[in-house]
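**Student:** coords below, sequence missing:
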């Protein structure tokens, strides 16, 4: 088990918050504990695994208190979506492209917001985030050298992002009784440090996630 002493050597928990990471669902370990060893369920889950893709996400912070000695910890993530933004329904309410949170300095900006500027360019051009593509995910407690977490938002951008999220919630909430946070999902994922996700590298430290029993 990793100890607190690692922080003296500039190791940080990954996925690192205020940074981007790749997200991949582990379908087998995401099965409910009661049927995880069922051969039929496991075979069906493995078949789904072949169709699972790897997604790009922004880790906004920890979900709950980070426990150094816990086998798993949870993170609050927002998926990165390819642009341009398109309207969609959430809780029966139409979410317009003006609620998009743009990323990058050269992309068209239908929202009128200042684009967020990661410390290194993301591999998706003209991409954005939405407050309504949000999940709570859990992965094992793993540490990585902080210098390898390269795709970050600085403090100002991280604060601006959460301000945009709250602004959009304030517009959306009065129109529906559905709570976005109550509708979040906890899924089993594999998370990579952002430096290893763009592009994959031999120096990558893959994090094998497991779903905690509920």
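**Tutor:** Perfect, thanks for sending it. The shown structure was predicted, so the numbers you read here are calculated from the model rather than taken from an experiment.

**Student:** contacts, neighbours, all on C-alpha from now
**Tutor:** OK.

**Student:** residue 10: how many residues sit nearby?
**Tutor:** One way to gauge burial is a neighbour count; for residue 10, by other C-alpha atoms under 10 Å, it gives 12.

**Student:** quick check: it vs residue 146, distance?
**Tutor:** Distance of residue 10 to residue 146, computed by C-alpha to C-alpha, to the nearest Å: 6 Å.

**Student:** sheet partners, orientation included, of the helix or strand that contains residue 12?
**Tutor:** Following DSSP states H and E, the helix or strand that holds residue 12 is strand 11-14. For strand 11-14, sheet partners with direction are given as strand 142-145 (antiparallel), following DSSP bridges.

**Student:** buried set for the strand it pairs with?
**Tutor:** By neighbour count with 16 or more other C-alpha atoms under 10 Å, strand 142-145 contains the buried residues 142, 143, 144.

**Student:** tabulate those (CSV), appending pLDDT.
**Tutor:** Putting those into CSV (pLDDT from 0 to 100) gives the following:
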residue, pLDDT
142, 84
143, 86
144, 84
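
**Student:** now those in a markdown table, with distance to residue 82?
**Tutor:** Supplementary listing: the buried residues of strand 142-145 in a markdown table, determined by distance: C-alpha to C-alpha, whole Å:
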| residue | distance to residue 82 |
| --- | --- |
| 142 | 29 |
| 143 | 29 |
| 144 | 28 |
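
**Student:** report all helices and strands that the lengthiest helix in the chain contacts.
**Tutor:** For the chain, the longest helix by residue count, based on DSSP state H, is helix 155-172. Packed against helix 155-172 by the contact rule (3 or more C-alpha pairs under 8 Å, 6 or more residues apart in numbering; DSSP states H and E) you find strand 127-140.

**Student:** let's go with 6 Å and repeat that
**Tutor:** Secondary structure elements in contact with helix 155-172, counted by 3 or more C-alpha pairs under 6 Å, 6 or more residues apart in numbering; DSSP states H and E, are absent; no helix or strand qualifies.

**Student:** which residues are contacting that helix?
**Tutor:** With C-alpha atoms under 6 Å, 6 or more residues apart in numbering as the test, helix 155-172 has contacts from 116, 131.

**Student:** now it: how far from the chain's centre is it?
**Tutor:** Shown here is helix 155-172, whose average C-alpha point lies 16 Å from the average C-alpha point of the whole chain (C-alpha atoms, centre = their mean, to the nearest Å).

**Student:** that's all I had, so thanks and see you.
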